[in-house]
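> sharing a model prediction with you, sequence too.
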Amino acid sequence: MTKKGRVFSGARPTGRQHLGNYLGAIQNYVALQKEYDCIYCIVDVHALTTLETTRDIKNNTYEMALDWLAAGIDPRESIVFIQSHVPQVMELFTILSMVTPLGKLTDLPTFKEKVRMQPNNVNLGLVGYPVLMTADIVLYKADLVPVGIDQASHVEFARETVRSFNFRYNTSVLKEPDIKLTEVPKVIGTDGQQKMSKSLNNHIELALTPEETEKVVMTMVTDPARKRRSDPGNPDVCNVFSMHKVFSSPEEVAMINLECRRAGIGCVDCKKLFAKNLNAHLAPFRERRAALAQNPDDILDVLRDGERRARVIAEQTMAEVRDAIGLP
RNA sequence: AGGCCAGUAGCUCAAUUAGGCAGAGCGCCUGUCUCCAAAACAGGAGGUUGUGGGUUCGAUUCCUGCCUGGCCUGCCA
């Protein structure tokens, strides 16, 4: 079976995944497996640039891997592994950092944003974040990197870095990755305002029980203008309706779109229907997750097998890199 | 390496003048109200005051070792 090329993507170990992760990344990961050889990496070293404590990093890694596998990332199709388990990436990071102008890094908007977020912890690793990301991508000779528009500049940075390296050492060992711009739906959190994220505590975890799911869904912010049951609502400004568009049938979406506007359906019924549809959608996932969780060692085996396969590629690349540079 | 400044609730900061029960705003949780949510109101939780010693009847406050961060000076690569 020949596929169209190799995809690499990494995600920080954030623990149990939520609807934002699911719609924004995981579903895409699963779909890409059909057409591409995929490498999915849990980037624990990247996490160190912003983490104040590493207390939960092991468990978060495990929980995220569990969600990924339950969601359909297939370790027989794809390589799933932990970044720090293949230390060659650190070596390549160091080498690439020598061809990276500092100003280019500090000019990136994501860096400026991080400095605003954590002015007391502006470390070298944080500045070099895009360089490590580049190392991830090129160490595994990725052809394609699926990203949302906000991450596109980082892949563009990787391409430039590859060109710098290849030019500097008059070689072509490093592969310039193509950007695969993916349509990332903007998933708004339960507050109805900001992007869904664990740190904002406005998320809906995939692994909740149906009862817990309904409880969280009931707290979702709706159209603030609809104060009474008899008031007509505006689905266009209601995040519950956005969710319906993803998890409910076209008929149900049309019905809510009509009935909400003429106060034919209340928010409670609307939310209950969403919770029901979401629970139905996630039921197979939750079943698989529960089954996988029975044998934690199997998850670790998957990650070890991924490491083994990733190492083969990494070692090959590094041999070529050292040779191209002319290291003794 | 030396000098100076800072570290207090999840966040932003008070309280240190002259040692005397560690507080506010925002956020979070609960309740009232709402079809739900929001808003409003009421209530609640949250702290080894960076950390180890010392002085004292009593230390967030004074002395001191260390840790972390920032600014300045110097030294090495």
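In hand now; what should we look at? Worth saying up front: this structure is predicted, and the values here are computed from it rather than measured. Numbers count the residues shown, from 1 in each chain, chains lettered A, B, ... in the order given.
> bridging residues for residue A:42?
residue A:11, residue A:82 (DSSP bridges).
> so it makes contact with residue A:84?
No: taking contacts as Cβ atoms under 8 Å, residue A:42 lies outside contact range of residue A:84: 9.0 Å. Quick note: C-beta positions are derived from backbone N, CA and C, even for glycine.
> show me how chain A divides into domains.
A:6-187+A:296-325, A:210-290 (automatic domain parsing).
> would you mind finding the most buried of those?
Mean neighbour count, computed with mean count of other Cβ atoms under 10 Å, is highest for domain A:6-187+A:296-325 among those, reaching a mean of 18.
> check whether that one contacts RNA strand B.
Yes: using Cβ under 7 Å from any atom of the strand, domain A:6-187+A:296-325 reaches RNA strand B at A:120, A:121, A:122.
> pretty sure the second one sits in a strand.
No: Residue A:121: not assigned to a strand; according to DSSP: H, G, I helix; E, B strand; the rest coil it is coil.
> contacting residues around the nearest residue in space to residue A:313 that is not next to it in sequence?
Spatial nearest neighbour of residue A:313, chain neighbours left out: residue A:140 (5.3 Å); criterion: Cβ to Cβ, 6 or more residues apart in numbering. If you count contacts by Cβ atoms under 8 Å, 6 or more residues apart in numbering, residue A:140 has them with A:6, A:8, A:39, A:310, A:313, A:314, A:317.
> re the thing from before, what's the least confident stretch among the domains of chain A?
Ranked by mean pLDDT, these end with domain A:6-187+A:296-325 in last place, scoring a mean of 92.
> may I have the distance across that one, first residue to last?
With Cα to Cα, to the nearest Å as the measure, domain A:6-187+A:296-325 spans 25 Å from end to end.
> also stretch A:195-214?
Distance across stretch A:195-214, first residue to last, is 20 Å (Cα to Cα).
> hmm, that stretch touching RNA strand B?
Yes: applying Cβ under 7 Å from any atom of the strand, one finds stretch A:195-214 touching RNA strand B at residue A:201.
> what sits against the residue in the stretch 201-328 of chain A positioned nearest to RNA strand B?
Distances between the stretch 201-328 of chain A and RNA strand B by Cβ to the nearest atom of the strand are smallest at residue A:266, namely 2.3 Å. Remark: with contacts taken as Cβ under 8 Å, 6+ apart, residue A:266 is in contact with residue A:229.
> which stretch among the domains of chain A comes nearest residue A:196?
domain A:6-187+A:296-325 (3.5 Å; Cβ to Cβ).
> how far does the closest one sit from the chain's center?
Distance of domain A:6-187+A:296-325 from the chain centroid (Cα atoms, centre = their mean, to the nearest Å) equals 10 Å.
> thinking again about what came up before, now, which of the residues of domain A:6-187+A:296-325 next to RNA strand B sits nearest RNA strand B?
residue A:120 (4.6 Å).
> distance check, that closest one against residue A:51.
Plainly put, residue A:120 is 14 Å away from residue A:51 if you go by Cβ to Cβ, to the nearest Å.
> just residue A:227 next, same as before
42 Å.
> what does residue A:324 give?
34 Å.
> cool, residue A:302 as well?
24 Å.
> one more: residue A:98?
From residue A:98 to residue A:51 the distance is 26 Å (Cβ to Cβ).
> hang on, the earlier thing: dump the domains of chain A to TSV, plus distance to residue A:198.
Output for the domains of chain A, formatted as TSV (distance: least, Cβ to Cβ, whole Å):
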stretch	distance to residue A:198
domain A:6-187+A:296-325	6
domain A:210-290	13
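> and of the ones you listed, who's closest to residue A:195?
Judged by Cβ to Cβ, the one of these that comes nearest to residue A:195 is domain A:6-187+A:296-325, at 6.7 Å.
> what is the longest helix of chain A by residue count?
helix A:296-325 (DSSP state H).
> which elements pack onto that one?
Contact here means 3 or more Cβ pairs under 8 Å, 6 or more residues apart in numbering; DSSP states H and E; on that basis helix A:296-325 packs against strand A:37-42, helix A:57-71, strand A:79-82, helix A:88-97, helix A:129-139.
> and of the ones you listed, who's closest to residue A:258?
Closest of the helices and strands packed on helix A:296-325 to residue A:258 is helix A:57-71, at 33.0 Å (criterion: Cβ to Cβ).
> so where do the strands sit in the stretch 151-300 of chain A?
A:178-181 (DSSP state E, counting those that start in this stretch).
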